[in-house]
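> Mind looking at a prediction? Sequence and model below.
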Amino acid sequence: MKYPEDFENALKSLVDYLEQEKGINHDEIIKLITKEKKPDEIPVCIFNNKLSSLESVVKYLKENLDLKYSEIAKLLNRDHRTIWATYSNSRKKFSKKFVVKDNKYFIPALIISNRSLSVLESIVYYLKDDCNLKYSQIALLLCRDQRTVWTVYNRKKKR
């Protein structure tokens, strides 16, 4: 589709302003414009104290992003039967659909697909090392006890 030149110039000016003056990078601008939900990014706000980490992730991918069991299995490097059982269990424990509001932190699905660590270990390690969060902040985000977060992180660190 061909847009008028003045429209393209205005859009370019807006993008330049957002990048230079507001410090918003190109990918964030695209995400804001399209409101695109990427299956390779899991919002941290979905975690709660009723579901395990894997249950939360699977439920989000299934209900909020409408992915098939096979797609979720491939994305998370799990068997599709495990995904089905996990989703089934999550629906029994927490029947509501997740409401994803303004969320500052996202977990890359690639982190969770690493099978050498538990899902919670992967998430905690990512938030601690890559996002530079404190144990107390991670505990609040994941609805877990701060001592649990510390234990999970240190268990991973010892490996």
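Sure, I can see it.
> wait, what's in contact with the spatially most central residue of the chain?
Most central in the chain under C-alpha atoms, centre = their mean is Ile42, positioned 1.5 Å from the mean C-alpha point. Applying C-beta atoms under 8 Å, 6 or more residues apart in numbering, we find Ile42 in contact with 57, 60-61, 106-109, 112. Heads up, the C-betas are built off the backbone N, CA and C, glycines and all.
> how about the closest residue to Leu18 other than its chain neighbours, secondary structure?
Leaving aside its sequence neighbours, Leu18 sits nearest to Ile24 (C-beta to C-beta, 6 or more residues apart in numbering; 4.6 Å). Put simply, Ile24 is coil when judged by DSSP: H, G, I helix; E, B strand; the rest coil.
> Show the pLDDT at Ile24.
We have a pLDDT of 81 for Ile24.
> Look up how far Asp130 lies from it.
Using C-beta to C-beta, to the nearest Å, Ile24 is found at 20 Å from Asp130.
> before we move on, the earlier item: in TSV: the contacts of Ile42, plus distance to Ser122.
Below are these laid out as TSV (distance: C-beta to C-beta, whole Å):
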residue	distance to Ser122
Val57	10
Tyr60	16
Leu61	15
Phe106	14
Ile107	8
Pro108	10
Ala109	10
Ile112	6
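> buried subset of these?
Buried by 16 or more other C-beta atoms under 10 Å: 57, 60-61, 106-107, 109, 112, out of the contacts of Ile42.
> closest to Ser13 among those?
Nearest to Ser13, judged by C-beta to C-beta, of the buried ones among the contacts of Ile42 is Phe106 at 28.5 Å.
> confidence score at the residue nearest to the centre of the chain?
93.
> Is it in a helix, a strand, or coil?
The three-state label given to Ile42 by three-state DSSP is strand.
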